[in-house]
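Q: Sequence plus predicted model, see below.
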Amino acid sequence: MAETLAPSSAPELGQTQGGGDHGPDQGTKRDFLKLVAGSFAAVGVGAIVWPFIHSMNPAKDVLALASTDVPLGHIAEGQAVTVMWRGKPVFVRHRTGAEITEAKAVPLGELRDPQPDSARVQREPWLVVLGVCTHLGCVPLGQKPTDARGDFGGWFCPCHGSHYDTSGRIRRGPAPANLTVPEYNFTSDTQIRIG
Amino acid sequence: MASGLHESSFTNPVVRWIDQRMPVFTMMQKEYGTFPTPRNFNYFWNFGALAMINLMIMIATGIFLAMNYTAHTSLAFDSVERIMRDVNYGWLIRYVHMNGASMFFIVVLIHVWRGMYYGSYKKPRELLWILGVVIFLLMMATAFMGYVLPWGQMSFWGATVITNLFSAIPLVGNSIVTLLWGGFSVDNPTLNRFFSLHYLLPFVITGVVFLHVAALHITGSNNPLGIEPKGPQDTLPFHPYYTIKDSVGIVVYLIVFAFLVFFTPNYLGHPDNYIPANPLSTPAHIVPEWYFLPFYAILRAVPNKLGGVLMMFGAIAVLFVLPWLDRSPVRSMRFRPIAKWLFLLWTVNFFVLMWAGGKPAEGLYVVISRLSTAYYFAYFLVILPLLGKIERPLPLPESISRAVLRGGGPLPGGAAAKPMEKA
């Protein structure tokens, strides 16, 4: 009835399968219904699956612990402390003048992951890096005065023998990248906030 | 075709390759595609599929809850609150799991009721029915232990009361209770084992559901007329006819489910379970979850500890022998003029027990509980065996198709000459 009144309007909705007189580009009412039903089903499945997936992401209490304050006042020159941040160790080293000079003197061409020392520190005496080897996630040695610090005076990873320099850059061994510098800022001259 | 390969009728090369070696596609096609199903199902036949869906929802939400739950007396309550407040969508997953338990019992109780009204437990479906009762028992055990996990007041005191039921057993009762507790009261060892078993049992249920469905696919489904299909004119392929009919039921089911979860998530629970467990103070009125109330009423109706416990377990145990208590060869209550009304009375009586179970055990409530308990058992042990002898059933239709098509359907060959199963 509607077709006779408005023959030009939406023929694909007025004809059933096997109408025979429409081309392959027109589609049938059944195609349309399948497409609509399928789309709604996909949206529904997505809406159900997402809460489950998202429940595995960090919860609010985990995110609330995502920053750590570190007082620097008690760390003497040449000393280093390790703090926990997001369940991982962060190395905070109060570098000596010699170590800073050494870090700045290295030509970038010698580095596997070229980064000048200035790009890795906010204030020269303070080097803050994640204590996680970029090879396979072990904690490198070098925080204690008695630790082996590797051939470049920074850190040495005992798992697979990666050597890091006094700027936390990879110098030798299997690790592909420098120790990560976390996001942090100086809240005062004697305190930093990591994260 | 190489020898040893299954002869597959699938044409898609990948499907065919798998099907020849492991004919799962052929099996699915046979059991859920072309499976001949009585053409006269009403919506009561949705509830098996709904129970299956519900089980999957419970397992999915449960697995994700377990990722954030801590089974320790000093941490359990807080870990559940953390799920509610801190875990992304934790409130949703927990409310779905919590109300899913209630939905599961609603669905399964209707499913069982359907079986009782239409005589689905009768020969040749006795084992199918028994497996169903096993699933029901496992569900009750799982639900009970799940309710203990949040370690609120109702969790603790529910666990104490239910485990103490076993102390009614003569001689070894107290030793059994100590064994269940892993100590001298409901405490951390109890919570740990309940969590372990609460995670295990749903998979046991899944296994028994598989057997339940396997048995169903041997005997085929019962139907509202309670007469066997006599040929292809009485059946329809499961797909698309009943996949679609089940889908309609699933939509309605999900609407009810979503209403509970989003608008009244705690309506079916007890507020006292949001108070951390305290072994030094019992709440004034302790009541189990609503789905245990009828059985709780039976427990309290008997003025004897062991007697009450036996009657309560007997209320489920009697279902195992129902196929042999009901002596009538007519399945569907539609054709049983007396049993129909006495069964509907039994149904009302079940709700009376449920109501009485939620009331304090004193005065008139006890009297009502006792009368209701008496009728609950009398229906199985006296009425059904007697009715098999004295009731005169209505004439059964000649075939499903004749009844469905109001007498206009084709008569199956020779069916007219054959006497009906029991008229």
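A: Right, received. Where do you want to start?

Q: Quick one: check the helix or strand harbouring residue A:63 for contact with chain B.
A: For residue A:63, the element it lies in under DSSP states H and E is helix A:60-64. Yes: Helix A:60-64 lies in contact with chain B when judged by C-beta under 8 Å from any C-beta of the partner chain; the contacting residues are A:60, A:61, A:62. Every residue, glycine included, has its C-beta placed from N, CA and C.

Q: wait, isn't residue B:108 in contact with residue B:136?
A: Yes: contact criterion C-beta atoms under 8 Å: residue B:108 and residue B:136 qualify, at 6.4 Å.

Q: how about the residues of chain A near chain B?
A: Of all the residues in chain A, those in contact range of chain B (C-beta under 8 Å from any C-beta) are A:51, A:52, A:54, A:55, A:56, A:57, A:59, A:60, A:61, A:62.

Q: The nearest residue to the third one once chain neighbours are set aside and residue A:128, how far apart?
A: What sits nearest to residue A:54 in space, not counting adjacent residues and going by C-beta to C-beta, 6 or more residues apart in numbering or on different chains, is residue B:88, at 4.5 Å. Distance, residue B:88 to residue A:128, using C-beta to C-beta, to the nearest Å: 30 Å.

Q: So the two - more neighbours on which side?
A: The neighbour count for residue B:88 versus residue A:128, taken as other C-beta atoms under 10 Å in any protein chain shown, is higher for residue A:128 (24 against 19).

Q: Just after the helix or strand hosting the more buried one, pick out the following helix or strand.
A: Under the criterion of DSSP H and E, residue A:128 resides in strand A:126-130. Read in the C-terminal direction, the helix or strand following strand A:126-130 is strand A:153-157, with elements assigned using DSSP H and E.

Q: Now do that following strand: which elements does it pack against?
A: strand A:162-165 (3 or more C-beta pairs under 8 Å, 6 or more residues apart in numbering or on different chains; DSSP states H and E).

Q: coming back round to it: residue B:108 and residue B:136: which has the busier surroundings?
A: When neighbours are counted by other C-beta under 10 Å, residue B:108 and residue B:136 differ, and residue B:108 comes out ahead with 22 against 17.

Q: Helix or strand for the closest residue in space to the more buried one that isn't next to it in sequence, just tell me which one.
A: Counting by C-beta to C-beta, 6+ apart, residue B:108 lies nearest to residue B:51, which is 5.4 Å off, once chain neighbours are set aside. Assigning secondary structure by DSSP H and E places residue B:51 in helix B:47-66.

Q: Run the contact check for whichever helix or strand comes after that helix versus chain A.
A: Using DSSP H and E, the helix or strand that follows helix B:47-66 in sequence is helix B:76-85. Yes: with C-beta under 8 Å from any C-beta as the measure, helix B:76-85 is seen reaching chain A through B:82, B:85.

Q: List of residues touching helix B:76-85?
A: Around helix B:76-85, the neighbours that count as contacts under C-beta atoms under 8 Å, 6 or more residues apart in numbering or on different chains are A:59-61, B:65, B:68-70, B:90-91, B:93-94, B:149-152, B:191, B:276-277.

Q: cutoff 6 Å now
A: Surrounding helix B:76-85, the residues in contact under the criterion C-beta atoms under 6 Å, 6 or more residues apart in numbering or on different chains are B:68, B:69, B:70, B:90, B:91, B:94, B:150, B:151, B:276.

Q: on that earlier part again, pLDDT of the helix holding residue A:63, averaged?
A: Here helix A:60-64 scores 88 as its mean pLDDT.

Q: ok, now stretch B:162-178?
A: For stretch B:162-178, the per-residue pLDDT values average out at 93.

Q: If you tally nearby residues, what's the number for residue 41?
A: Went with chain A since none was named. 10.

Q: look at chain B instead
A: Neighbour count for residue B:41, taken as other C-beta under 10 Å: 18.

Q: Model confidence at the residue in the stretch 251-400 of chain B that chain A sits nearest to, what's the number?
A: Closest residue of the stretch 251-400 of chain B to chain A, C-beta to the nearest C-beta: residue B:254 (9.8 Å). We note a pLDDT of 96 for residue B:254 in this prediction.

Q: Tell me how far it lies from residue A:44.
A: The span separating residue B:254 from residue A:44 equals 10 Å under the rule C-beta to C-beta.

Q: In terms of neighbours, single out the busier of the two.
A: Remark: of residue B:254 and residue A:44, residue B:254 carries more neighbours, 16 against 11, as counted by other C-beta under 10 Å.

Q: returning to that earlier point: can you give me the angle the strand holding residue A:128 makes with strand A:153-157?
A: Note on geometry: by axes from the mean of the first three to the mean of the last three C-alpha atoms, to 10 degrees, strand A:126-130 and strand A:153-157 are set 10 degrees apart in direction.

Q: Which other helices and strands does strand A:126-130 contact?
A: strand A:88-94 (3 or more C-beta pairs under 6 Å, 6 or more residues apart in numbering or on different chains; DSSP states H and E).

Q: could I have the strand it packs on exported to PDB, CA atoms only?
A: Taking Å, rounded to 0.1, in the frame of the first residue of the first chain, the C-alpha atoms of strand A:88-94 are listed here in PDB:
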ATOM      1  CA  LYS A  88      58.700  -0.400  42.600                       C
ATOM      2  CA  PRO A  89      62.100   0.900  43.900                       C
ATOM      3  CA  VAL A  90      63.100   4.400  43.000                       C
ATOM      4  CA  PHE A  91      66.800   5.300  43.300                       C
ATOM      5  CA  VAL A  92      67.500   8.800  44.600                       C
ATOM      6  CA  ARG A  93      71.300   9.500  44.400                       C
ATOM      7  CA  HIS A  94      73.000  12.600  45.800                       C
END
